[in-house]
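Participant: no FASTA, just this:
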């Protein structure tokens, strides 16, 4: 509530059609640069229309301006009454904001231990802030549920994104929105440099949208991508520039390019192919790197082919045929007590004509001389390297599985002779 004298009994949702003189800013308002200037978020309630008007009148009489969320929930500004959740979230977010620059400095100085500690700290703060929404929406298991507040969070976030999309689309085909997620959008800025995209195009979107966002909410520049591939939802890769004049770095989200489950050989070769496409935009050069991978796997050492699989612990697997179970049993027989969460080194060996399943072909990575000879190198190419590369390159109409088929049918020539066997 906004005043102690106002009846704050819980009522029904306000009818948006009846609220003609006060409402949350919509996408059309933001596109025109209009918006409502309000204070920070405070205590929320959903009132009947008469009580909502009285609450707004009381707040404005005290020199403050209340905020009405898109779902009809009314929030008092900080100057009038500060809520517990806004205070808690503000301190959590402030701590995370201070942690992230320290994390960047640690990574820049290659201080690995400190970087891991700071990364875990900022992730913990992020998760703590994120679960606050779930806490307010847990009507069955939560101790203090508030559906009005939870709906206000979702609706306000959606309205902010819709406003940003409307503004970006309002500038015409030069700034189309290519992808939108729960809390971000990707806007194409064709024909502009990295600095031009940041300073001229994107800042116009930010300034206009921020004028109509809820109190304490604003758009933030995350990255400007100098070359980007959007594979699917929450899966993308590109050369990202965070700060003006900064050096682009490869940013991978949701793709297997840098996953720790893969071996060093596959991880390195995937990154080489991705960098080649983003840097030069030339599929023939990518094809050359793929052919080098087909040939290079035969000379890869044992260290580069080790798969580091995460062990979940006894009782976590429904069947003993899970590939990692027998590897862990072999490791424990050698005197090791494998704990849940540990990563176990293993390799995949050839079946040699026998009908063997994958779990029967996984071996513990040891220094046995015969193990390097028995490794199934075709498995690493066909099952670990080509599938993630295919998901990446099929957007350009490339069938990488056809490449290896044609390459194997030829004489395994190198250089330009090998390239002449394959056609995009």
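Facilitator: Done, it's in. Predicted model only: the values in this text are computed from it and were never measured.
Participant: Flag the shaky bits of the stretch 151-300 of the chain, pLDDT-wise.
Facilitator: By pLDDT under 70, the weakly predicted segments of the stretch 151-300 of the chain are 169-175, 200-202, 214-216.
Participant: Three-state assignment for residue 258, please.
Facilitator: Under DSSP: H, G, I helix; E, B strand; the rest coil, residue 258 falls in the coil class.
Participant: and it, backbone torsions?
Facilitator: phi -120, psi 20 (degrees, to the nearest 10).
Participant: which residues does it contact?
Facilitator: By CB atoms under 8 Å, 6 or more residues apart in numbering, residue 258 lies in contact with 252, 267, 271. From N, CA and C alone the C-beta is placed, and that goes for glycine too.
Participant: right, and the first one touches residue 237 too?
Facilitator: If I follow you right, that is residue 252. Yes - counting by CB atoms under 8 Å, residue 252 does reach residue 237; the two are 4.8 Å apart.
Participant: Give me the residue ranges of the stretch 301-424 of the chain where confidence is low.
Facilitator: If you take pLDDT under 70 as the line, the stretch 301-424 of the chain has these spans: 410-424.
Participant: With the stretch 1-150 of the chain instead?
Facilitator: 1-64.
Participant: try it again with 80
Facilitator: The stretch 1-150 of the chain contains residues with pLDDT under 80 at 1-67, 77-81, 139-144.
Participant: So which residues of it form helices?
Facilitator: Residue ranges of the helices in the stretch 1-150 of the chain, as given by DSSP state H, counting those that start in this stretch, are 27-31, 49-61, 84-108, 112-137, 147-170.
Participant: hey, which of the ones you listed is tucked in deepest?
Facilitator: Counting by mean count of other CB atoms under 10 Å, helix 147-170 has the highest mean neighbour count of these, with a mean of 20.
Participant: and the angle for that helix with helix 112-137?
Facilitator: Angle between the axes of helix 147-170 and helix 112-137 is 110 degrees (criterion: axes from the mean of the first three to the mean of the last three CA atoms, to 10 degrees).
Participant: Who are the packing partners of helix 147-170?
Facilitator: helix 27-31, strand 44-45, helix 112-137, strand 177-180, strand 185-187, helix 203-210 (3 or more CB pairs under 8 Å, 6 or more residues apart in numbering; DSSP states H and E).
Participant: Any idea which of these gets closest to residue 309?
Facilitator: helix 112-137 (20.7 Å; CB to CB).
Participant: Am I right that residue 73 is in contact with residue 150?
Facilitator: No - judged on CB under 8 Å, residue 73 makes no contact with residue 150 at a distance of 9.7 Å.
Participant: Quick check: the gap between residue 340 and residue 262.
Facilitator: 21 Å (CB to CB, to the nearest Å).
Participant: And the strands in the chain?
Facilitator: 44-45, 67-68, 74-75, 177-180, 185-187, 224-232, 235-241, 249-253, 307-310, 343-348, 362-364 (DSSP state E).
Participant: partners of the last one, with directions?
Facilitator: Partner strands for strand 362-364, per DSSP bridges, with pairing direction: strand 343-348 (antiparallel).
Participant: What of the second one?
Facilitator: Sheet pairing for strand 67-68, assigned by DSSP bridges, gives strand 74-75 (antiparallel).
Participant: Quickly list what's touching both of residue 252 and residue 237.
Facilitator: residue 274.
Participant: neighbour count winner among these two?
Facilitator: Each of residue 252 and residue 237 has its neighbours counted (other CB atoms under 10 Å); residue 237 has more, 25 against 17.
Participant: how far away is the more buried one from residue 302?
Facilitator: 29 Å.
Participant: can you check residue 373 too?
Facilitator: Relative to residue 302, and taking CB to CB, residue 373 is found at 10 Å.
Participant: what about those two, which has more around it?
Facilitator: residue 302 (16 against 9).
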